[in-house]
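[1] sharing a model that was predicted from the sequence below.
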Amino acid sequence: MPIIFNSLGSGGKVVSFLFFGMVSIAAITSLISLIEVISQYLIQRYKLKRKLACLIVGIFMFLVSISKGYH
């Protein structure tokens with residue numbers, strides 16, 4: 001993709017910025033939907049508050065993601 005964006009000249013930098021910005025937004029919204037499912041389970045099963053459930057899930061996902069880099 002960077003080669004294609006470079007071939008567009010100076011307009012390619014703008015298109016590249018917009019493209020990768022949209023990809024980042026898509027990744028964040030996908031992450032939110034993943035957190036929502038697990039946190040909803042914790043809320044219903046263990047009667048946790050939403051903020052606490054999201055914090056637990058977020059910390060767990062963070063720890064799993066950094067531990068995968070060490071194997």
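    Thanks, I have it. Residues are numbered from 1 along each chain as shown.

[2] pLDDT weak spots in the protein?
    Within the chain, the segments meeting pLDDT under 70 span 69-71.

[3] most centrally placed residue in it?
    Computing the C-alpha centroid of the chain and ranking residues by C-alpha atoms, centre = their mean puts residue 28 first, at 3.4 Å.

[4] can I assume residue 56 is in contact with residue 42?
    Yes: between residue 56 and residue 42 there is a contact under C-beta atoms under 8 Å: 6.5 Å. C-beta here means a position set from N, CA and C on the backbone, and glycine is covered the same way.

[5] quick check: neighbours shared by those two?
    residue 48 (C-beta atoms under 8 Å, 6 or more residues apart in numbering).

[6] longest helix of this structure?
    Using DSSP state H, we find that the single longest helix of the chain is helix 10-46.

[7] doesn't residue 23 make contact with residue 1?
    No: the criterion here is C-beta under 8 Å, and residue 1 misses it with residue 23 at 9.7 Å.

[8] how close does the residue lying farthest from the centre of the chain sit to residue 3?
    Going by C-alpha atoms, centre = their mean, the residue of the chain most distant from its centre is residue 9, 30.1 Å out. For residue 9, the distance to residue 3 (C-beta to C-beta, to the nearest Å) stands at 13 Å.

[9] and whatever helix or strand residue 66 lives in, what does it pack onto?
    Following DSSP states H and E, one finds residue 66 within helix 50-68. The contact analysis (3 or more C-beta pairs under 8 Å, 6 or more residues apart in numbering; DSSP states H and E) places helix 50-68 against helix 10-46.

[10] what helices or strands is the helix it packs on leaning on?
    helix 2-7, helix 50-68.

[11] mind listing residues that contact the first one?
    Surrounding helix 2-7, the residues in contact under the criterion C-beta under 8 Å, 6+ apart are 12, 13, 15, 16, 19.

[12] tell me how far that helix lies from the chain's centre.
    Remark: helix 2-7 is offset 25 Å from the chain centroid, using C-alpha atoms, centre = their mean, to the nearest Å.
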